[in-house]
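Asker: I'll drop the sequence and a predicted model, then ask my questions.
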Number of protein chains: 2
Amino acid sequence: MKKAFLFFYLLFLSAIVFAEDGYDLWLRYTKVDDPALLQQYRNKINGFLFTGKSLTVTVAKKELLNGLEGLLAISIADKKTISGKSIVAGTPSTSKFIQSFLSAGKFNLEGEGFVISTQNANQKNVIVIAANSDIGVLYGVFHFLRLLQTHQSIEKLSIVRVPKIQNRILDHWDNLNRTVERGYAGASIWNWHLLPGYIDKRYIDYARANASIGINGTVLTNVNANAMVLTKPWLEKVQALANVFRPYGIKVYLTARFSAPIEIGGLKTADPLDVEVQNWWKQKVDEICSYIPDFGGFVVKANSEGQPGPQNYGRTHADGANMFADALAPHHGIVMWRAFVYDARVQKSTENFGEGKADANAPSIASSDRAKQAYDEFKPLDGKFRKNVLVQVKNGPVDFQPREPFSPLFGAMPQTPLVMEFQLTQEYLGQATNLVYEAPLFKECLDADTYAKGKGSTVAKVIDGSVDNYAVTGIAGVANIGNERNWTGHPFGQANWYAFGRLAWDHTLSSEKIADEWIRQTFTNDPRFVTDTKKIMLMSRETMVHYMTPLGLHHIMGTGFHYGPAPWVDNAGRDDWNPVYYHRADSGGIGFDRTASGSNAISQYAEEVRKQWEDVKTCDEKYLLWFHHVPWDFKMKSGRTLWDELCYKYYSGVDSVRWMQGTWNGLKKYIDEERFDQVKMLLGIQEKEAVWWRNACLLYFQTFSKMPISADYEKPDHDLQYYKALKFPYAPGNGGNL
Amino acid sequence: MKKAFLFFYLLFLSAIVFAEDGYDLWLRYTKVDDPALLQQYRNKINGFLFTGKSLTVTVAKKELLNGLEGLLAISIADKKTISGKSIVAGTPSTSKFIQSFLSAGKFNLEGEGFVISTQNANQKNVIVIAANSDIGVLYGVFHFLRLLQTHQSIEKLSIVRVPKIQNRILDHWDNLNRTVERGYAGASIWNWHLLPGYIDKRYIDYARANASIGINGTVLTNVNANAMVLTKPWLEKVQALANVFRPYGIKVYLTARFSAPIEIGGLKTADPLDVEVQNWWKQKVDEICSYIPDFGGFVVKANSEGQPGPQNYGRTHADGANMFADALAPHHGIVMWRAFVYDARVQKSTENFGEGKADANAPSIASSDRAKQAYDEFKPLDGKFRKNVLVQVKNGPVDFQPREPFSPLFGAMPQTPLVMEFQLTQEYLGQATNLVYEAPLFKECLDADTYAKGKGSTVAKVIDGSVDNYAVTGIAGVANIGNERNWTGHPFGQANWYAFGRLAWDHTLSSEKIADEWIRQTFTNDPRFVTDTKKIMLMSRETMVHYMTPLGLHHIMGTGFHYGPAPWVDNAGRDDWNPVYYHRADSGGIGFDRTASGSNAISQYAEEVRKQWEDVKTCDEKYLLWFHHVPWDFKMKSGRTLWDELCYKYYSGVDSVRWMQGTWNGLKKYIDEERFDQVKMLLGIQEKEAVWWRNACLLYFQTFSKMPISADYEKPDHDLQYYKALKFPYAPGNGGNL
């Protein structure tokens, strides 16, 4: 006990003066700590020359100045003419030098790409950062600073980068009262009450962080939408944010509440085929664009979990989406219409629209399969959407689980651009406390082959438009940030924000490469620290799958707050909210039969994909219980029975967390105490939670398998009743809890 | 518009590298920027010698080390023997030198006092920081650092400080889901979900900040209490916080939900005279103390605004308080029983206990006067409480209004120690956005003479025990902090936390002296900045009274969220929730007659006090409409009619805010841009809100006075209907809004 006190004090006290509180994210411009390299950099750079005068150029210049002065610890000159040791940055429209450089190189940079290149100008060696647009220059500046932050050589640079996806967007599930649905990092960073008069410095730093990784859009409000944000006082607030973000190339989007014409417009209906309704939305969009001329458009969650939608009027999702699209088209806005729907029986009245609550009184759908419903509803609508509609699809067919196969909609909508929706906030991935690096999860989905146009039609190539020639492309990440000092609560949450941005820009980057960059920028370039931390990060997602939902299990977490294990729950408001609906454990085995003998969800995939999974004997074991109901004594590839394999996986998950703890403990001397201790404490909590998941799930499943947990394993320290009795009414991220 | 963009960018960009984000509060140990003074300090100090090994000594040493190394920018030696240029710090029990120094000086330091004195030891000049206890040494260290931070001479020190009040406590109205009732600075700093495993560094810095101003207690939970905090999982969380705070001399208290024996104990009653109930609380306190041996005790809000209490069982407040007192006495704990009650007709059943909601269905009490009820209920109970019960009384008889006369309970309870309850969070004082320095409000109350034992029986002397010889004394401030980076949202909110602590320690300090200290520590010692900022602070509270509630007006704010003016509201759930109940404007005049011809609330004061206020002709005009219903054409001391005086006050309030803006704008070059701009933007919002208050109130009262607003004044820019129609469903601090 006394030891514990001392622990905290010794930890923190030494950090009082020069604390690393995490606020600076990966934009820490601390002095390069390798003397030889520092000298090399200083030999190459003592100033820069920028052309152009836009706000974007102004912020790019400032960023480069602050970055270089921090990293090189020398004064950096703002030069007026090209001379040696300079960075020359600009666009063809403001610089003849850049103009001739770019036309000579025949680069295909489009609007946002950039070149960084060592060049000879007036007999001087200079580093050119060139782009067709000011925002391209800003992206180039951030990329260049990253080279120095990660200790890359800048001797002979020849870098060309162009984003593969056009709209790279963070979705905030932030409410107007500053709570955040599925947020685990304090209150919303949008301090609506003080807007537009008070501009929190966080807004600037948020924009800097996003621009540094190429994110170019932000949806400010929760998909469970509130019509009030579309009224004048709120549009003034939104405008203030848009003004802050614009120089950083970030467009603002809002969520549109389908029933807004009734709720704030005084109309009697929200029927998308009603002319009055259509005109109301047109005028509303015109009004929004009078505040925000470059307004990005809407995200709409309709006829899903209680949100109203076109089906309330007997119309289709296409009817609904097209109404918004027509209103947005004159302003070049887009609609991102979410495919996250799983309720075919929609109430037909306009009354009692829920406020983000699912319709608990809907009739039972035990006979259906929730995993099939997005495809069933949207596939028939392919070709029926306007050109500026994108359908936004979660990576998997259910809901951001630790592991799901890719959604069968990818590859199935050749005429409809699909937006990938990833979840950065760890709703199902250990929430506030678990170190889970999500890039491997994102990559697993992006790299999956849909076989839509033959082998190589990966999900990534579907969403970047190269499979089906989409004219507009997009990717969205549900944000994991709040007003905690370090933005994400868990210091490693920052890595998921970073990884999303980097992959949105270039989905061919590896998880390992992104982790490497992030660690070096965020902590240190020390090779031991980088190596070990990368190991931790790269194993973390699979580790979590093992202690939560191994072998294709899914959706067995606590109801409502989604915190902790609760595979026993069978009394939630709807069948498909119940863990028992998903794992289907019984004396005969466990798993959801989604083959032809079951729900046949597997039929929604291309034949080549189906073949990988449809035979229980050859199915990739990571999806085994997703697609099959498997006997407890089924022989796994390891030679173990399914039950023993399940035990093995759960136990190995906990073991891996303990390995992560031990490895992290060995890294104390390489970084600041504040963040070291934060991670150490959080890993301690994660270990307890991993044990809790393992024990609760195995004890529960054992009531069906009737098979023993090997005596070689540590015995669960509580019985099943104990775990079932745990209650967490104030777990964060749900119903106003923070 | 474009100018506005540029404004923000130029503001913030230059602050990217060396930003002052306000997190360090008044504990900024930046290098002394006066070279001569710096040399003087360095000539006096190059090290220190500490005796003792407790955690408190450890933190004191660390604080002194960090403080001196920051302020003097030299290495400070941790010495083993007394030598020149040293600070010698310790207690008699660990240092013979200190022992002989203290016994020679015959100081009366009690447990928490300290001496700072220049002494000759072994022919060397040293600075002694001596106390009877380790916590006294820590207080001395903070005081010494403050001398350097505020550029005081340390040539010949002879300082003795002893706190005048024993229990100096912050009350957090923080809920278990991390929302904060009447909080305007983000989420609660208590991240309950991550406790006990994760210790946020904020907890340490919170303790440091409190110890630096002498605060020695913290009530962690909302007075609208939740019994769950008394259950095992939560006590483990509370214990973790108590462990962090203990070395800083801070005791932990909780709020006790009166009905907890029913809600978490499984009993059928919470009757305080029921033996089973009494035993339940005894066991509960024993359990709490098994986690936290130095547990401070309970704050109880009972039979108030829907909270259950002894009156539900036909018992008195004394019966209720004594039950807790008996349970706490063996552990030396105390009960702070709140006198904030205003509902004589309490429901008698144990059912439907509200969750922090007042009983809207209670019968009308228009015939009574809410300002009288605390006195009416508690005065008869004087002498009926156990020794370890303190009755906690808000400074005024209604509810933390911009101005109220002192509560008549002060001086009226000679046998019952009274705790002063101030509100630091600005529920009625402009909330998140108004710069209001509260020390003048606190001092006005503390310095008011109750005449309880003849002239000079000030409120301060009542609560410090010198009027009635209370054996135990206390003062509480309702905290204004949250998880925003700078703790209080508004940078000047920090001054109210600081001022509360300093006055709790020594109520004879002047508002001016405290402001001076705070400005120098928080911003700079530059004389121009100090002078002008002090002017702004010292005028700010009176300014707010003028534009909100001049001449004794009160409780005319918006219902529920208490944001903005709403003097017209007459339909709130109870009569005494309505602004019209308090201002009583009609064609004949305005104001609440509390003299003998009215509610006679004035009779609750001593005769000498009554005489000051009972005659409308001589009553101090700042309380005029608090005590009198006054005709619109009443002749004021200024020669103006009441109506014209009201106009004059409201307009001068707005003018003063504009003066504050102009003065602040002149201070740009003296401090960091980040905080300069924050305050500038907030003053801009404050100016708009002041205009809103002025216009809405005058236009509304004009419907009764039928008299004109002078044409010399700027015309209200909207009509009354506009102001009445404003809606703020997401204003912070109320019902889960942040």
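Answerer: Okay, I see it. Worth saying up front: this structure is predicted, and the values here are computed from it rather than measured.

Asker: and the closest residue to chain B within the stretch 551-700 of chain A, which of the three is it?
Answerer: Closest approach between the stretch 551-700 of chain A and chain B, counting by Cβ to the nearest Cβ: residue A:685, at 4.1 Å. For every residue, glycine as well, the C-beta is placed using N, CA and C. The assignment at residue A:685 comes out as helix when based on DSSP: H, G, I helix; E, B strand; the rest coil.

Asker: tell me the contacts of it?
Answerer: A:433, B:194, B:197, B:198 (Cβ atoms under 8 Å, 6 or more residues apart in numbering or on different chains).

Asker: any chance of CSV for the residues you listed, columns distance to residue A:187, secondary structure and neighbour count?
Answerer: Below are those laid out as CSV (distance: Cβ to Cβ, whole Å; DSSP: H, G, I helix; E, B strand; the rest coil; neighbours: other Cβ atoms under 10 Å in any protein chain shown):
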residue, distance to residue A:187, secondary structure, neighbour count
A:433, 18, coil, 23
B:194, 16, helix, 21
B:197, 22, coil, 19
B:198, 18, coil, 21
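
Asker: residue A:641: how many residues sit nearby?
Answerer: Applying other Cβ atoms under 10 Å in any protein chain shown, we find 17 residues neighbouring residue A:641.

Asker: nearest residue to it in space, please, no chain neighbours.
Answerer: Closest residue in space to residue A:641, ignoring its immediate chain neighbours: residue A:633 at 4.8 Å, by Cβ to Cβ, 6 or more residues apart in numbering or on different chains.

Asker: repeat for residue A:553
Answerer: Leaving aside its sequence neighbours, residue A:553 sits nearest to residue A:625 (Cβ to Cβ, 6+ apart; 5.2 Å).

Asker: that's a helix at the one you found, yeah?
Answerer: Yes: the assignment for residue A:625 by three-state DSSP puts it in a helix.

Asker: look up how far residue A:557 lies from it.
Answerer: Residue A:625 sits 15 Å away from residue A:557, going by Cβ to Cβ, to the nearest Å.

Asker: which one of those two has more residues nearby?
Answerer: Between residue A:625 and residue A:557, residue A:625 has the larger neighbour count (other Cβ under 10 Å), namely 27 against 23.

Asker: show me what contacts the more buried one?
Answerer: A:551, A:552, A:553, A:583, A:590, A:591, A:592.

Asker: where does residue A:290 fall, secondary structure wise?
Answerer: Element membership for residue A:290, per DSSP states H and E: helix A:275-291.

Asker: is that helix anywhere near chain B?
Answerer: No: using Cβ under 8 Å from any Cβ of the partner chain, helix A:275-291 never reaches chain B; the gap is at least 10.9 Å.

Asker: do the same with stretch A:407-425
Answerer: No: counting by Cβ under 8 Å from any Cβ, chain B is not contacted by stretch A:407-425; separation bottoms out at 14.6 Å.

Asker: give me the mean pLDDT for that stretch.
Answerer: On average, the pLDDT along stretch A:407-425 is 98.

Asker: how far does that stretch sit from the chain's center?
Answerer: Relative to the chain's own centre, stretch A:407-425 is displaced by 14 Å; criterion: Cα atoms, centre = their mean, to the nearest Å.

Asker: what's the helix or strand for residue A:497?
Answerer: Counting by DSSP H and E, residue A:497 is part of helix A:493-505.

Asker: re earlier: which strands and helices sit next to the helix holding residue A:290?
Answerer: Contacts defined by 3 or more Cβ pairs under 8 Å, 6 or more residues apart in numbering or on different chains; DSSP states H and E place helix A:275-291 against helix A:232-245, helix A:260-263, helix A:317-328.

Asker: okay, the ones you listed in JSON lines with mean pLDDT, mean neighbour count and distance to residue A:540 next?
Answerer: Converted to JSON lines, those look like this (pLDDT from 0 to 100; neighbours: other Cβ atoms under 10 Å in any protein chain shown; distance: least, Cβ to Cβ, whole Å):
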{"stretch": "helix A:232-245", "mean pLDDT": "98", "mean neighbour count": "20", "distance to residue A:540": "31"}
{"stretch": "helix A:260-263", "mean pLDDT": "98", "mean neighbour count": "21", "distance to residue A:540": "41"}
{"stretch": "helix A:317-328", "mean pLDDT": "98", "mean neighbour count": "25", "distance to residue A:540": "36"}
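
Asker: wait, which of the ones you listed is closest to chain B?
Answerer: Of all the helices and strands packed on helix A:275-291, helix A:232-245 sits nearest to chain B, with 5.5 Å by Cβ to the nearest Cβ.

Asker: quick one: contacts of that closest one?
Answerer: A:176, A:190, A:192, A:195-196, A:199, A:203-204, A:207, A:218, A:220, A:228-229, A:251-252, A:254, A:287-288, A:291-292, A:294-295, B:4-5, B:8.

Asker: for ChimeraX, what selects the buried ones among those?
Answerer: The following ChimeraX selection, which keeps only the buried ones among these, applies the criterion 16 or more other Cβ atoms under 10 Å in any protein chain shown:
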select /A:176,190,192,195,196,199,203,204,207,218,220,228,229,251,252,254,288,291,292,295 /B:8
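
Asker: in strands only, show me the contacts of helix A:232-245.
Answerer: If you go by DSSP state E, the contacts of helix A:232-245 have A:218, A:251, A:252, A:254 in strands.

Asker: how about the contacts of residue A:625 in JSON lines, adding secondary structure, neighbour count and distance to residue B:637?
Answerer: Listed next are those as JSON lines, based on DSSP: H, G, I helix; E, B strand; the rest coil; neighbours: other Cβ atoms under 10 Å in any protein chain shown; distance: Cβ to Cβ, whole Å:
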{"residue": "A:551", "secondary structure": "helix", "neighbour count": "23", "distance to residue B:637": "85"}
{"residue": "A:552", "secondary structure": "helix", "neighbour count": "27", "distance to residue B:637": "84"}
{"residue": "A:553", "secondary structure": "coil", "neighbour count": "27", "distance to residue B:637": "80"}
{"residue": "A:583", "secondary structure": "helix", "neighbour count": "25", "distance to residue B:637": "80"}
{"residue": "A:590", "secondary structure": "strand", "neighbour count": "26", "distance to residue B:637": "86"}
{"residue": "A:591", "secondary structure": "coil", "neighbour count": "25", "distance to residue B:637": "86"}
{"residue": "A:592", "secondary structure": "coil", "neighbour count": "25", "distance to residue B:637": "83"}
